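Q: Sequence isn't available, so here's the structure alone:
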């Protein structure tokens, strides 16, 4: 069981880069690291997924060191609309599907 | 991306009654769906895995007779909260993966806010 640990909350200002680090010391060899974003009263939304090194898409970058025991989600130039809870997950296999176990997540507040 | 839709978005019911929540995969088939519950300011808690054509698998501590799950088709899973009580008031969310593979993106429904009065 790969448990994840993240900071409970973070504060930032518009236009800044935000880096959220997640620890997953017991990650399995075949597991990917996935980040989700959740706004109040909505279901989580996929942000990015990676296995090692660096992954970048139109909204974020994900940095994963060689030992894969941690990962860092990087949000460039955040805006007020990025205020949300961010979850780092390592999937748990369930008959071929990922059974996702959510940790506490990081509550990001972006200020004007 | 793929779409998972829940219905209703919110529901208010009287204590002692039962409430059914639907989770549909609109543009893909899902032999497995997951149901979560989320209390205010807390994280999502996995309740059960819904399996098409077979019994659901419940997480430890979740009462299977209280939370009935039916996955009768490849695009629909239902969660019925039986004999609801105020402590069952919560935000219920379902998810599904379009591809039967590990480490693929999961899509979540918009959630259903249940209030038991």
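A: Here it is on my side, so go on. Model, not experiment: these values are computed from the prediction.

Q: So which bits of stretch A:16-27 are buried?
A: Of the residues in stretch A:16-27, A:18, A:20, A:22, A:24, A:27 count as buried by neighbour count, 16 or more other Cβ atoms under 10 Å in any protein chain shown. The C-beta positions use only the backbone N, C-alpha and C, and glycine is treated the same way.

Q: Okay, and residue A:47 sits in which element?
A: In this assignment (DSSP states H and E), residue A:47 forms part of strand A:45-50.

Q: could you give the mean pLDDT of that strand?
A: The pLDDT scores in strand A:45-50 average 94.

Q: For the helix or strand just after that strand, buried residues please.
A: Later in the chain than strand A:45-50, the nearest helix or strand by DSSP H and E is strand A:53-56. Judged by neighbour count using 16+ other Cβ under 10 Å, the buried positions of strand A:53-56 are residue A:55.

Q: strand partners of strand A:53-56, parallel vs antiparallel please.
A: For strand A:53-56, the paired strands and their directions (DSSP bridges) read strand A:61-64 (antiparallel).

Q: And whichever helix or strand comes after the strand it pairs with, what does it pack against?
A: Sequence order places strand A:70-75 as the next helix or strand after strand A:61-64, per DSSP H and E. Packing partners of strand A:70-75 (3 or more Cβ pairs under 8 Å, 6 or more residues apart in numbering or on different chains; DSSP states H and E): strand A:18-23, strand A:45-50, strand A:61-64, strand A:84-90.

Q: contacts for stretch B:109-117?
A: Residues from elsewhere that reach stretch B:109-117 (Cβ atoms under 8 Å, 6 or more residues apart in numbering or on different chains): A:41-43, B:4-15, B:19, B:21, B:23, B:38, B:81, B:84-95.

Q: Swap in 7 Å and give it another go.
A: Outside stretch B:109-117, the residues that touch it by Cβ atoms under 7 Å, 6 or more residues apart in numbering or on different chains are A:41-43, B:4-6, B:8-15, B:19, B:21, B:23, B:81, B:84-86, B:88-94.

Q: now do stretch B:72-84
A: The contact list for stretch B:72-84 (Cβ under 7 Å, 6+ apart) reads B:13, B:15-25, B:29-31, B:33, B:35, B:50, B:52, B:66-71, B:88, B:92, B:94, B:114, B:116.

Q: Buried only: go through those residues for me.
A: Buried members of the contacts of stretch B:72-84, counted by 16+ other Cβ under 10 Å: B:13, B:19, B:21-25, B:30-31, B:33, B:35, B:50, B:52, B:67-69, B:71, B:88, B:92, B:94, B:114, B:116.

Q: In strands only, show me those residues.
A: Of these, the ones assigned to strands by DSSP state E are B:13, B:19, B:21-25, B:33, B:35, B:50, B:67-69, B:71, B:92, B:94, B:114, B:116.

Q: what about the residue in chain A positioned nearest to chain B, neighbour count?
A: The nearest approach of chain A to chain B comes at residue A:43, 3.2 Å away (Cβ to the nearest Cβ). Neighbour count for residue A:43, taken as other Cβ atoms under 10 Å in any protein chain shown: 23.

Q: And it, its phi and psi?
A: The phi/psi pair for residue A:43 (degrees, to the nearest 10) reads phi -70, psi 160.
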